[in-house]
Every structure is written in structure tokens, then in C-alpha cells.
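*Asks:* What shape does this take:
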Amino acid sequence: MSTYLEISPDKLARLIGTPTCPALIDVRIDEDFDADPRLIPGSVRRDYRTLDTWIGSLAGASAIIICQRGQKLSHGVAAWLRQTGIPADSLEGGFEAWIAQKLPVVPVRLLPPRNAAGQTVWVTRARPKIDRIACPWLIRRFVDPSAVFLFVPPSEVELVADRFGGAPFDIEADIKWSHRGELCTFDVMVEEFAISSPPLLRLATIVRGADTSRLDLAPEAPGLLAASLGLSRMFADDHEQLEAGLLLYDAFYRWCRDATDETHNWPAGKKGA
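*Replies:* Sure, this is the predicted structure:
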């Protein structure tokens, strides 16, 4: 049972994927990380010995600190953050407890190298519609909250990615992050990042239906298509559209996770309702 200043793995699992999730900081020592180079979804690895160089990035946020067993290292870093005014807790049982509960972890080898600011960079075609909003949402919520997305002309995607150390995605080319057979790029990322869950798989079906003109795959696919096309006409700036689209996918994800059995009728007291 978690104690004061700790959060249990199951409670953390409920926060991951939501816009209110605290910053997740992995401070495992090199030996432990090298033995299992995977990260809890949405977490970023930091060196506890250089805390003073990265603590500023947490200004205005709260944090959950993750070490190997949830003992002195995570509690020490969390205590240090709290004394500077940053709310922070330790993951109960640490990374080992998370793994023991068979909760998802992201293989670090799949991530593009981080830039000098510690961000991963992703490059895709300009004027996004569905997959190119869904994938950034997935990355921001489950892979790298600070990820940077560059929208460029289709012919320049791979060249820009190479020049800026990024990962190209969702283009018609033989690259890792794109459509595979009947699967769209969102499907591929859910599978490759090993973050499959019933809610994400349900959302992936909706995205696939909307993105590949197979609206019969899910009753919600036409609604996602309509909302996505509407957003694309509301915003001339791709990044403004992305920010608005994040909220759209937050709502679809929470429906997939928590509200699929809920119905609505009006008036509530109508006879036979």
C-alpha cells in the first residue's frame, strides 16, 4: 500500500495519457537503466547528480520520480524538488514494481536522439488531417511530452528529418513510422512502442477507419473524420491545429477508456427512457 509522498503504479497508470499527468522523471542509475533500457510511458530520464541543471524545466509543474525500487534515490530527488516548491512524489516500488504488474514500457531504442534541449524531433507533411494529429497526440501523451513536430512539404520530410536529427513519419516512403498494409501510422506506433491497451486499441480502430476511408470499422470513425476536417479548415497554422487536435484526442481517449458504456438521453425523466 502506498504511503504519504508515494503514488502506486496502478494510480500512475490512470494518469498516463491524460493532459494532467505530472512530469515523470526516471532517475535510475546507469547500471539499472542499461540492464533494462525501457521507460514508463511519458517519462524522461534525468541524472539525479545534475538536478540543478534540469530542475528549472519543472517550474509550474508537479512531478513523479522513478528509481529502480522506489527507495532513497527517488525519495531524495522528490524531497529536493519539494523544498524548491515543486510538488513531487515517488513511485511506490519504483520501476521494478511497475514491471512486476506487467504495465507498459517504451523501448528507448525506438526514439530518435534528443536534441540539446532534451526533446525528440518528428517530421511529417504539412496540413495534417487525421494520422498526423493522432500520432503527435500519442507521442506527447505516451512517449515524449516535450516532443517537437515539424510540418514541411512532402518532398522535404526525409531530408529535414536527416538534417535536424528527427524521425520522419506518415509519408509514402519505406520508413519505420508509416502505414503498413491495412494499418495506419497510429496503429504502428501503438504496436511498436508496446503501449497497447484496450482503450488505445479501440482508439486506433477509430483512427484507422477515419484515416483510410473505412468508416465502417467503428461507429465513431465518421465523427472523427468530420471533426478532423473541420479543424483543418479552422486553422491555417499547423501548430495551432495540432494544439486544438490534442484536446480532441484527449476526449476520444477518455471516452474509449471510461465512457463507452454511458448513454445520454433528454429529457432524463422521459417515460421509457
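*Asks:* Confirm that T124 sits in a strand.
*Replies:* Yes: with DSSP: H, G, I helix; E, B strand; the rest coil as the criterion, T124 is part of a strand.
*Asks:* my guess is it contacts R132, does it?
*Replies:* Yes: taking contacts as Cβ atoms under 8 Å, T124 lies within contact range of R132: 5.1 Å. Where C-beta positions appear, they are placed from N, C-alpha and C, glycine not excepted.
*Asks:* residues shared between the contacts of those two?
*Replies:* Common contact partners of T124 and R132 (Cβ atoms under 8 Å, 6 or more residues apart in numbering): 151, 169-170.
*Asks:* isn't L138 right next to V190, touching?
*Replies:* Yes: the criterion here is Cβ under 8 Å, and L138 meets it with V190 at 6.9 Å.
*Asks:* Which of the shared contacts of T124 and R132 sits closest to T18?
*Replies:* T18 lies nearest to F169 out of the shared contacts of T124 and R132, by Cβ to Cβ, at 23.1 Å.
*Asks:* Tell me how many other residues crowd that closest one.
*Replies:* Per other Cβ atoms under 10 Å, the neighbour tally for F169 reads 25.
*Asks:* I'd like the distance between the closest residue in space to it that isn't next to it in sequence and R132.
*Replies:* Sequence neighbours aside, W177 is the residue nearest to F169 in space, at 3.7 Å (criterion: Cβ to Cβ, 6 or more residues apart in numbering). Distance, W177 to R132, by Cβ to Cβ, to the nearest Å: 11 Å.
*Asks:* Which one of those two is surrounded by more residues?
*Replies:* R132 (26 against 21).
*Asks:* Which strands or helices does whichever strand or helix holds the more buried one pack on?
*Replies:* Element membership of R132, judged by DSSP states H and E, is helix 131-142. Using 3 or more Cβ pairs under 8 Å, 6 or more residues apart in numbering; DSSP states H and E, the elements in contact with helix 131-142 are strand 121-125, helix 185-192, helix 198-211, helix 238-254.
*Asks:* ok, 6 Å please
*Replies:* Here helix 131-142 touches helix 185-192, helix 238-254, going by 3 or more Cβ pairs under 6 Å, 6 or more residues apart in numbering; DSSP states H and E.
*Asks:* Can I get that helix in CSV? Just the C-alpha atoms.
*Replies:* The C-alpha coordinates for helix 131-142 follow below in CSV (Å, rounded to 0.1, in the frame of the first residue of the first chain):
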residue,chain,number,x,y,z
ASP,A,131,-3.0,10.4,-38.6
ARG,A,132,-0.6,13.5,-38.5
ILE,A,133,-2.6,14.8,-35.5
ALA,A,134,-3.3,11.4,-33.9
CYS,A,135,0.4,10.4,-33.9
PRO,A,136,1.7,13.6,-32.3
TRP,A,137,-1.0,13.2,-29.6
LEU,A,138,0.2,9.7,-28.9
ILE,A,139,3.8,10.8,-28.7
ARG,A,140,3.1,13.7,-26.5
ARG,A,141,0.9,11.7,-24.1
PHE,A,142,2.7,8.4,-24.0
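*Asks:* quick one, whichever helix or strand comes after that helix and helix 238-254 angle?
*Replies:* Following helix 131-142 in sequence order, the next helix or strand is strand 148-152 (DSSP H and E). Strand 148-152 and helix 238-254 are oriented at 120 degrees to each other (axes from the mean of the first three to the mean of the last three Cα atoms, to 10 degrees).
*Asks:* continuing past strand 148-152, what's the next helix or strand?
*Replies:* Where DSSP H and E defines the elements, the next helix or strand beyond strand 148-152 is helix 157-163.
*Asks:* Right, I'll call it a day here.
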